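Chemist: Would you be able to build a 3D model of this:
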Amino acid sequence: MNLPNLLTWLRILAIPLFVGIFYLPPTWLSPFGQNLIATIIFSGAAITDWLDGYLARTLNQMSAFGAFLDPVADKLMVAAALIVLVHLERLDAPIALIIIGREITVSALREWMAHIGKAKSVAVSFLGKIKTASQMIAIPLLLYHEKIGEHFDSQVIGTWLIYLAAILTLWSMIYYLKAAIPQALKHSP
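Modeler: Model (predicted):
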């Protein structure tokens with residue numbers, strides 16, 4: 001157990017807290033309070049996603065377990081947030097399904113490519129990083145669900161960004177599949 005892995009575990013442990021916020025009785029926490037706390041928890045998780053990788057590299061504490069657990073924690077938190085947003089009717093279910101389905105597909109693809117020794121052919125691309133950034137900005141905006149000032153409607157901006165993330169999600173999945181198909185053909189029985 002090292003500091004980067006501890007941060008990753010904390011991100012996983014925050015998921016039930018994040019989801020549970022929306023199931024508290026209204027006498028305990030107002031809808032605005034629920035939105036604000038959920039936004040803070042998700043944003044904190046997004047920051048620790050970056051921080052644990054930075055610390056692992058800086059402190060030379062990279063591990064195979066951390067490399068496995070970090071993307072799992074990220075995908076679990078994003079999936080939980082998308083499901084909550086669908087439940088709150090702030091996100092259309094097909095968009096959530098596209099994003100979650102792509103994550104499962106690409107994770108399985110990466111696992112298989114690693115198994116045949118070709119993991120580098122499906123390494124994270126710049127397109128994937130743009131998709132992640134768009135998604136990690138959109139989700140807190142959709143969770144917050146309030147106007148910021150007079151002119152910044154977080155729901156509208158968040159919706160546009162999550163649709164952009166869904167388009168980039170499909171595009172990046174096609175990119176990874178195109179990189180993997182030649183390897184799959186070489187290694188098929």
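Chemist: Nearest the middle, which residue of this structure would you pick?
Modeler: The chain has V78 as the residue nearest its centroid, 3.7 Å off, counting by C-alpha atoms, centre = their mean.
Chemist: Quick one: residues contacting that one.
Modeler: Listed by C-beta atoms under 8 Å, 6 or more residues apart in numbering, the contact set of V78 reads 99-100, 103, 135, 139. C-beta coordinates here come from the backbone N, C-alpha and C atoms, glycine included.
Chemist: got it, and L36?
Modeler: Applying C-beta under 8 Å, 6+ apart, we find L36 in contact with Y144.
Chemist: Find the helix or strand that it is a member of.
Modeler: helix 31-58 (DSSP states H and E).
Chemist: Flag every buried residue along that helix.
Modeler: Under the neighbour-count criterion of 16 or more other C-beta atoms under 10 Å, helix 31-58 has 34-39, 41-43, 45-46, 48-49, 51-53, 55-56 buried.
Chemist: what about the longest helix in this structure?
Modeler: As assigned by DSSP state H, the longest helix anywhere in the chain is helix 154-186.
Chemist: low-scoring stretches of this protein, by residue?
Modeler: Applying pLDDT under 70 to the chain flags the ranges 118-125, 187-189.
Chemist: domain ranges for it?
Modeler: Residue ranges for the domains of the chain, per automatic domain parsing: 1-89, 92-189.
Chemist: re earlier: which of the contacts of V78 ranks first by neighbour count?
Modeler: Each of those was scored by neighbours using other C-beta atoms under 10 Å; the highest score is I139's, at 28 neighbours.
Chemist: Could you give the backbone dihedrals for that one?
Modeler: phi -60, psi -50 (degrees, to the nearest 10).
Chemist: so it touches F42, yeah?
Modeler: Yes: with contact defined as C-beta atoms under 8 Å, I139 reaches F42; the gap is 6.0 Å.
Chemist: what residues are shared contacts of these two?
Modeler: A81.
Chemist: pretty sure P16 is in a helix, no?
Modeler: Yes: when DSSP: H, G, I helix; E, B strand; the rest coil is applied, P16 is found to be in a helix.
Chemist: what's the burial count for it?
Modeler: By other C-beta under 10 Å, neighbour count at P16 equals 10.
Chemist: so what's it up against?
Modeler: P16 neighbours (C-beta under 8 Å, 6+ apart): none.
Chemist: and the gap between it and L168?
Modeler: 29 Å (C-beta to C-beta, to the nearest Å).
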